[in-house]
Structure formats: structure tokens, C-alpha cells
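A.B. asks: Turn this into a model:
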Amino acid sequence: MWAFDERLGVEFIGISISSVALVLSISTLTGLLAPPIVLYIGNRYGRSLPIYIGVTSILMCFIWILKYPSYFSFFAGNIIWYFFFTMTVIYVLAASAIISPTGRLASWLNAAILIGMSVAPSLFGYILDRGTFIDLLPLLFAFILITLICITFIRKTLDQTE
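C.D. replies: Numbers count the residues shown, from 1 in each chain. Okay, here's the model as predicted:
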């Protein structure tokens with residue numbers, strides 16, 4: 001992910017490598033704000049609503065960065081998406097602990113994340129060899145839409161408290 005984010009900042013937006021590195025460092029540190037906020041919010045709104053908000057916010061950040069490329073959109077978009085990514089992962093893993101106390105579901109979720117992280121670079125690289133970063137939007141939108149549909153089907157299960 002970082003490699004494509006770096007290329008996006010340098011090649012597509014025209015930001016220096018050192019500025020991109022600073023943005024990536026700050027956005028990662030900003031992700032540390034998610035755990036205490038999730039701890040404070042807890043299950044007040046269930047788990048599905050925060051997951052919906054997180055996934056949708058991630059997509060909106062990608063759209064913002066790609067449609068309005070600037071240092072500001074790159075900086076703010078990365079900070080916001082990384083916060084929501086971290087928040088979403090926390091809620092998903094919390095739901096998996098309730099749904100599957102043995103930890104099997106959490107193991108499969110981590111495997112799914114790793115599969116995505118291994119397939120995405122090849123797929124994105126293939127698309128970028130033939131087009132631009134804007135050409136990634138339909139794919140990102142499709143992945144997010146599939147995720148939102150899956151969340152809708154398992155919403156009651158996600159919101160279980162025990």
C-alpha cells in the first residue's frame with residue numbers, strides 16, 4: 001500500500017518524496033487515535049454502524065485524493081483514511097471475537113487482509129501500467145460496495161454483544 005501511496009503523491013500529485021514520507025508517518029501516528037476513541041464509543045452504536053462509517057470514509061478519502069489531487073487532499077485524506085482504517089479493523093476484530101470466541105474467524109480475517117495486501121499490488125500495478133490512478137477508482141468502489149453489501153447481510157451478527 002505504501003508504495004502506491006508514495007507513487008500517487010510523487011508522480012500523480014507532484015509532492016516531494018520527503019513530504020510524502022512525512023505524510024505517511026503522520027497518518028500512521030494518527031491511527032493511534034482510533035483505539036482510545038473506539039474504547040470511549042464502545043458498542044453504543046453497535047459495530048455495524050462504525051464499520052459502515054469507516055469503510056465509506058475510506059472510499060471517500062480515496063475519491064477526494066484522486067479527484068482533487070493536491071498536497072492538502074493527500075495529507076488530510078491519508079490522515080483521515082488511516083484513522084478510519086484502524087477504527088474499522090478494531091470493530092471488525094471485536095465482532096469476530098464475539099462471533100467466534102475460539103479465534104478462528106479472527107484468524108481468517110487476518111488471512112483475508114494479507115491476501116488483499118498480496119493481490120492488490122499486482123492488480124493495481126497491472127492497472128497503472130495501462131492507465132492512471134483515476135483508473136483505480138472503479139475497482140476501489142467495487143471492493144467497498146462488496147464490503148458494504150456483506151456488512152448489510154451480517155449486520156445483526158456484527159452487533160451481537162455476547
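A.B. asks: CA only for contacts and neighbour counts going forward, please
C.D. replies: Will do.
A.B. asks: Doesn't Leu59 lie inside a strand?
C.D. replies: No. Counting by DSSP: H, G, I helix; E, B strand; the rest coil, Leu59 is not found in a strand; it is helix.
A.B. asks: which residue is nearest the middle of the protein?
C.D. replies: The residue lying closest to the centre of the chain (CA atoms, centre = their mean) is Phe85, at 3.9 Å.
A.B. asks: Can you give me the separation between it and Ile13?
C.D. replies: Distance of Phe85 to Ile13, computed by CA to CA, to the nearest Å: 23 Å.
A.B. asks: With Thr56 instead?
C.D. replies: Look at Thr56 and Ile13: by CA to CA, they are 23 Å apart.
A.B. asks: My guess is Ile79 contacts Leu32. True?
C.D. replies: No. The criterion here is CA atoms under 8 Å, and Ile79 misses it with Leu32 at 10.9 Å.
A.B. asks: out of these two, which sits in the busier spot?
C.D. replies: Ile79 (22 against 14; other CA atoms under 10 Å).
A.B. asks: How much space separates the more buried one from Thr28?
C.D. replies: From Ile79 to Thr28 the distance is 7 Å (CA to CA).
A.B. asks: cool, and Pro138?
C.D. replies: Pro138 is 26 Å from Thr28, by CA to CA.
A.B. asks: The two: which is more packed in?
C.D. replies: The neighbour comparison of Pro138 against Thr28 (other CA under 10 Å) goes to Thr28, with 17 against 10.
A.B. asks: Could you confirm that one falls within a helix?
C.D. replies: Yes. The assignment for Thr28 (three-state DSSP) places it in a helix.
A.B. asks: Return the distance of the helix or strand bottoming out on mean pLDDT in the chain from the chain's centre.
C.D. replies: None of the helices or strands of the chain scores lower by mean pLDDT, DSSP states H and E than helix 155-158, at a mean of 70. Helix 155-158 sits 20 Å away from the centroid of its parent chain (CA atoms, centre = their mean, to the nearest Å).
A.B. asks: Quick one: list the elements packing against the helix or strand harbouring Ala111.
C.D. replies: According to DSSP states H and E, Ala111 maps onto helix 104-130. Secondary-structure packing of helix 104-130 (3 or more CA pairs under 8 Å, 6 or more residues apart in numbering; DSSP states H and E): helix 71-99.
A.B. asks: buried set for the helix it packs on?
C.D. replies: Using 16 or more other CA atoms under 10 Å as the test for burial, helix 71-99 gives 71, 73-99.
A.B. asks: if I pick Ile53, what's in contact with it?
C.D. replies: Ile53 makes contact with no residue, according to CA atoms under 8 Å, 6 or more residues apart in numbering.
A.B. asks: Thank you, goodbye.
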